[in-house]
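Asks: Predicted coordinates and the sequence they were generated for:
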Amino acid sequence: MKAAHVLMGVVFMAISSCAESMVVPTPTEQTDADAIRDPAPGTRTESRVEETFDLVLTSNPTTGYYWIVLGNDGGIVELKSETYIADPAPEGLVGSGGKQVFVFEAVAPGEADLVLSYQRSEDDVADTLNLRVEVTE
């Protein structure tokens, strides 16, 4: 029994040390006034190399629809993380919406076209978003 407790402690410590070494960008949507929120198609934005920016899109995955990144050309920006944040809803309410937050990092100077689709499947697309990102040094 004591050996099992020791083994569990060792496993927990190993998992904890791995988790501490992983750095995953988290959305700053709740505090970042500069986040890009529900932009119109064709919107242009700017960033600098090594900076991150949040793209916040209204979403309701309970309907089966979800934003996905279809295209990101040129290696100018990289998707670092994607998170869903549910809107506050009264207790017992099912099917409320929220926001998807995409965190991108500008990695090289140039221009990139981000293409996102709000879809259930490739055959059931509700919306498409094109965002032009200009990255400077």
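Replies: Happy to help now that I have it.
Asks: residues near residue 116, how many?
Replies: By the measure other CB atoms under 10 Å, the count of residues near residue 116 is 21. (C-beta placed from N, C-alpha, C; glycine too.)
Asks: do residue 44 as well
Replies: Residue 44: 10 neighbours (other CB under 10 Å).
Asks: Tell me which residues touch it, please.
Replies: Residues in contact with residue 44 (CB atoms under 8 Å, 6 or more residues apart in numbering) are 131, 132, 133, 134.
Asks: hang on, the third one is in a strand, isn't it?
Replies: Yes: membership of residue 133 in a strand is supported by DSSP: H, G, I helix; E, B strand; the rest coil.
Asks: I'd guessed it sits against residue 48; true?
Replies: No: counting by CB atoms under 8 Å, residue 48 is not a contact partner of residue 133; they are 11.1 Å apart.
Asks: Compare neighbour counts for these two and give me the winner.
Replies: Ranked by neighbour count (other CB under 10 Å), residue 133 and residue 48 place residue 133 first, with 23 against 11.
Asks: How much space separates that one from residue 41?
Replies: In this structure, residue 133 and residue 41 are 14 Å apart, going by CB to CB, to the nearest Å.
Asks: Are we agreed that residue 62 is in a strand?
Replies: No: if the criterion is three-state DSSP, then residue 62 is helix and not within a strand.
Asks: okay but it is in contact with residue 89, surely?
Replies: No: Residue 62 lies out of contact with residue 89 (CB under 8 Å); the separation is 10.5 Å.
Asks: so what sits against both of those two?
Replies: residue 96.
Asks: Where do the strands of this protein begin and end?
Replies: For the chain, the strands defined by DSSP state E cover 36-37, 43-48, 52-59, 66-72, 77-86, 98-106, 110-121, 124-136.
Asks: May I see the ones you listed organised as CSV, with mean pLDDT added?
Replies: Formatted as CSV, the strands of the chain follow (pLDDT from 0 to 100):
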stretch, mean pLDDT
strand 36-37, 96
strand 43-48, 96
strand 52-59, 96
strand 66-72, 95
strand 77-86, 95
strand 98-106, 96
strand 110-121, 96
strand 124-136, 97
